[in-house]
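J.: okay, predicted coordinates and the sequence, questions at the end:
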Amino acid sequence: MSKVFGIDVSRWQGNFDFKRAAAEGVKFVVLRGAYSAPFADGGKDAKFEEFYKAAKAAGLAVGVYQYSMAQSAAQAVEEARYLYSNCLAGKQFELPIYFDIEDSVQKKLCKRANTDMVKAWCDYLEDRGYFVGVYSFKSFFDSYLYDSELQHYTHWIAQWADACTYKPANMVGMWQFGGETNTIRTNKVAGVTCDQDYMYRDFPAEIKKLGLNGFAKEEVKISMGEITGINTSRGTNALVLITDGRATTGFNKWGVDVIVNSKGIITQIVDGKSNTPIPKGCICLSGHNNAGWYLKQHCKVGARLKIG
């Protein structure tokens with residue numbers, strides 16, 4: 001996708017006018033949810049709830065960041081727990097939830113400690129159904145993290161310059177290109193100085209498709225009446241459900257096989273191959289000819305399959 005313009009804000013932006021920002025071309029906003037956690041004399045951003053409602057009303061895609069002051073993986077988990085309970089639960093976010101690691105206390109720690117904190121925070125929220133990422137200045141990624149261990153998480157790079165020079169470039173989901181200093185455009189949005197960003201991934205589409213950040217997963221419904229057999233052979237135009245724990249389908253290549261994990265989520269769609277492997281704990285819906293075409297048209301990886 002082409003780059004999309006947005007902002008990130010906190011209580012420091014005061015009485016911010018999100019509708020005016022939208023009229024000026026802003027498409028998304030990342031809100032500060034919390035400043036560390038109570039152990040570091042932090043807490044919920046005073047404007048978070050107000051800003052969340054106002055940004056949604058203005059039609060903006062919304063994400064969240066938490067400014068961390070953690071100095072251990074255990075403290076990072078405490079921060080994540082606080083953010084989840086006080087800011088995230090019960091809401092929907094079209095953009096990732098970011099761990100903001102940049103504080104001076106963290107520059108005194110070793111790379112191992114900082115990297116483990118990022119993983120601990122991200123893993124806690126991933127386990128609860130959130131699309132997570134890491135925010136920091138490029139210099140922090142370069143000097144204070146084992147960044148090669150963090151490629152699983154999308155990166156939001158702060159580099160106030162004419163270009164983002166972080167590598168590999170495909171890891172940059174968002175680039176914060178300016179704040180008080182801004183060489184690309186005016187440093188004000190809606191009459192207020194704030195940090196400004198470009199987004200390079202269609203996070204709203206990805207997050208909604210995966211059913212994360214408070215959104216329900218896409219659902220594919222197959223009625224029992226459409227299934228011609230369970231754990232049987234697959235004849236012409238047949239739609240067969242395999243639940244008996246076999247290692248492969250045992251069918252020829254003239255069909256489509258949909259692999260579904262134990263949580264009911266479609267993990268693979270295999271077209272035109274014989275003896276498709278069925279991972280342990282998974283089931284398979286296999287369609288021949290017309291039934292296979294039907295599966296291919298209606299099933300998507302990441303969607304929930306409901307049979308009945």
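T.: That came in fine, so what should we check first?
J.: from here on, contacts and neighbour counts on C-alpha atoms
T.: Will do.
J.: F93 and V62 touch, don't they?
T.: Yes. Counting by CA atoms under 8 Å, F93 touches V62, with 5.4 Å between them.
J.: so who does N275 touch?
T.: Contacts of N275 were listed using CA atoms under 8 Å, 6 or more residues apart in numbering, and they are T248, T249, G250, F251, N252, K253.
J.: quick one: secondary structure of the third one?
T.: Per DSSP: H, G, I helix; E, B strand; the rest coil, the local secondary structure of G250 is coil.
J.: would you list every one of the strands in the stretch 1-150 of the chain?
T.: Per DSSP state E, counting those that start in this stretch, the stretch 1-150 of the chain carries strands over the ranges 4-9, 28-35, 43-44, 61-67, 97-100, 132-137.
J.: now the residue nearest to L239 when sequence neighbours are not counted, which residues is it bridged with?
T.: Nearest residue to L239 in three dimensions, chain neighbours excluded: G287, at 4.4 Å (CA to CA, 6 or more residues apart in numbering). Beta-bridge pairing of G287 under DSSP bridges involves L239, V256.
J.: return the distance of stretch 216-226 from the chain's centre.
T.: Between the centre of stretch 216-226 and the centre of its host chain there is 24 Å, according to CA atoms, centre = their mean, to the nearest Å.
J.: show me what counts as buried in that stretch.
T.: Neighbour-count burial for stretch 216-226 flags K217, E218, E219, V220 (criterion: 16 or more other CA atoms under 10 Å).
J.: what about it, start to end distance?
T.: Using CA to CA, to the nearest Å, one end of stretch 216-226 lies 25 Å from the other.
J.: go on, stretch 149-162?
T.: End-to-end distance for stretch 149-162: 28 Å, by CA to CA.
J.: now stretch 7-23
T.: 13 Å.
J.: stretch 115-134 too?
T.: Here the two ends of stretch 115-134 are set 11 Å apart, with distance taken as CA to CA.
J.: kindly reformat the buried residues of stretch 216-226 as a markdown table containing pLDDT, distance to D147 and secondary structure.
T.: Shown next, in a markdown table, are the buried residues of stretch 216-226 (pLDDT from 0 to 100; distance: CA to CA, whole Å; DSSP: H, G, I helix; E, B strand; the rest coil):
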| residue | pLDDT | distance to D147 | secondary structure |
| --- | --- | --- | --- |
| K217 | 76 | 31 | coil |
| E218 | 78 | 33 | coil |
| E219 | 83 | 36 | strand |
| V220 | 87 | 38 | strand |
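J.: which two of these have the greatest separation?
T.: Greatest spatial distance in these: K217 and V220, 9.6 Å, computed using CA to CA.
J.: give me the common contacts of these two.
T.: Contacts common to K217 and V220, judged by CA under 8 Å, 6+ apart, are A303, R304.
J.: next one: the closest residue to M117 other than its chain neighbours relative to I97, how far apart?
T.: Nearest non-adjacent residue to M117, counting by CA to CA, 6+ apart: A73, 4.2 Å away. For A73, the distance to I97 equals 18 Å [CA to CA].
J.: where in the stretch 201-308 of the chain is pLDDT low?
T.: For the stretch 201-308 of the chain, no stretch has pLDDT under 70.
J.: all strands for it, in order.
T.: With DSSP E, counting those that start in this stretch as the criterion, the stretch 201-308 of the chain has strands spanning 219-222, 229-230, 239-242, 255-260, 266-271, 283-288, 304-307.
J.: closest to E149 out of those?
T.: With CA to CA as the criterion, E149 lies closest to strand 266-271 of the strands of the stretch 201-308 of the chain, at 24.4 Å.
J.: circling back: what is the burial count for the residue nearest to L239?
T.: With neighbours defined by other CA atoms under 10 Å, the count for G287 comes to 29.
J.: next: Y294.
T.: 14.
J.: can you check the one 4 residues further on too?
T.: A count of neighbours around H298, defined by other CA under 10 Å, yields 12.
J.: next one: Y67
T.: Using other CA under 10 Å, the number of residues around Y67 comes to 22.
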